[in-house]
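Asks: Got a sequence here, can you build the structure:
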Amino acid sequence: MSGAIALRPSGNEQGGHYLLSLHTAKRILRNNWTELPMPNDVVEAVHKQARGITFTDKDGNIIIDDDDDTEGDKTEDEPKPCRSGRTQCE
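Replies: Numbers count the residues shown, from 1 in each chain. Below is the predicted model of the structure:
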């Protein structure tokens with residue numbers, strides 16, 4: 001047994017969920033798990049794994065974070081697009 005973070009339901013009839021394995025950093029599918037509080041070492045492990053993540057869109061194109069906070073001609077009333085192209089980011 002190893003630690004994992006729940007990502008989303010799988011949509012299968014068995015009620016499975018996709019989880020992120022903290023040991024392998026891979027997505028796994030499980031039907032049963034035990035919910036536990038997240039200790040600091042888990043947070044640190046996730047931060048370590050996140051350093052090497054490459055984000056892609058649904059077609060496999062790499063999403064580049066240009067860190068450009070200037071929005072040009074946009075006004076405050078217009079929604080700002082997310083890096084993935086959606087609006088209303090959190």
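Asks: What distance do you get for Asp65 to Arg51?
Replies: With distances taken as CB to CB, to the nearest Å, Asp65 is found 13 Å from Arg51. All C-beta atoms are positioned from the backbone trio N, CA, C, and that covers glycine.
Asks: er, Lys26 I mean
Replies: Distance of Lys26 to Arg51, computed by CB to CB: 16 Å.
Asks: Same question for Glu44.
Replies: Plainly put, Glu44 is 12 Å away from Arg51 if you go by CB to CB.
Asks: Likewise for Val42?
Replies: Taken as CB to CB, the spacing of Val42 relative to Arg51 amounts to 16 Å.
Asks: Pick out whichever of these two has more residues nearby.
Replies: Comparing Val42 with Arg51 by neighbour count (other CB atoms under 10 Å), the higher total belongs to Val42, at 15 against 6.
Asks: what are the C-alpha coordinates of stretch 24-44, in PDB please?
Replies: Presented in PDB, the C-alpha positions along stretch 24-44 are these (Å, rounded to 0.1, in the frame of the first residue of the first chain):
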ATOM      1  CA  THR A  24       5.600   6.500  -8.900                       C
ATOM      2  CA  ALA A  25       4.000   9.900  -9.900                       C
ATOM      3  CA  LYS A  26       1.700   7.900 -12.300                       C
ATOM      4  CA  ARG A  27      -2.000   7.900 -12.500                       C
ATOM      5  CA  ILE A  28      -3.600   4.700 -11.100                       C
ATOM      6  CA  LEU A  29      -7.100   3.400 -11.000                       C
ATOM      7  CA  ARG A  30      -8.600   2.200  -7.800                       C
ATOM      8  CA  ASN A  31     -12.100   1.100  -6.600                       C
ATOM      9  CA  ASN A  32     -11.300   1.200  -2.900                       C
ATOM     10  CA  TRP A  33      -9.100   3.500  -0.800                       C
ATOM     11  CA  THR A  34      -8.800   4.900   2.700                       C
ATOM     12  CA  GLU A  35      -9.200   8.700   3.000                       C
ATOM     13  CA  LEU A  36      -6.500  10.200   5.300                       C
ATOM     14  CA  PRO A  37      -5.500  13.800   6.200                       C
ATOM     15  CA  MET A  38      -2.600  15.100   4.100                       C
ATOM     16  CA  PRO A  39       0.600  15.400   6.200                       C
ATOM     17  CA  ASN A  40       3.500  17.800   5.300                       C
ATOM     18  CA  ASP A  41       5.700  15.000   3.900                       C
ATOM     19  CA  VAL A  42       3.000  14.400   1.300                       C
ATOM     20  CA  VAL A  43       2.900  18.100   0.400                       C
ATOM     21  CA  GLU A  44       6.700  18.000   0.000                       C
END
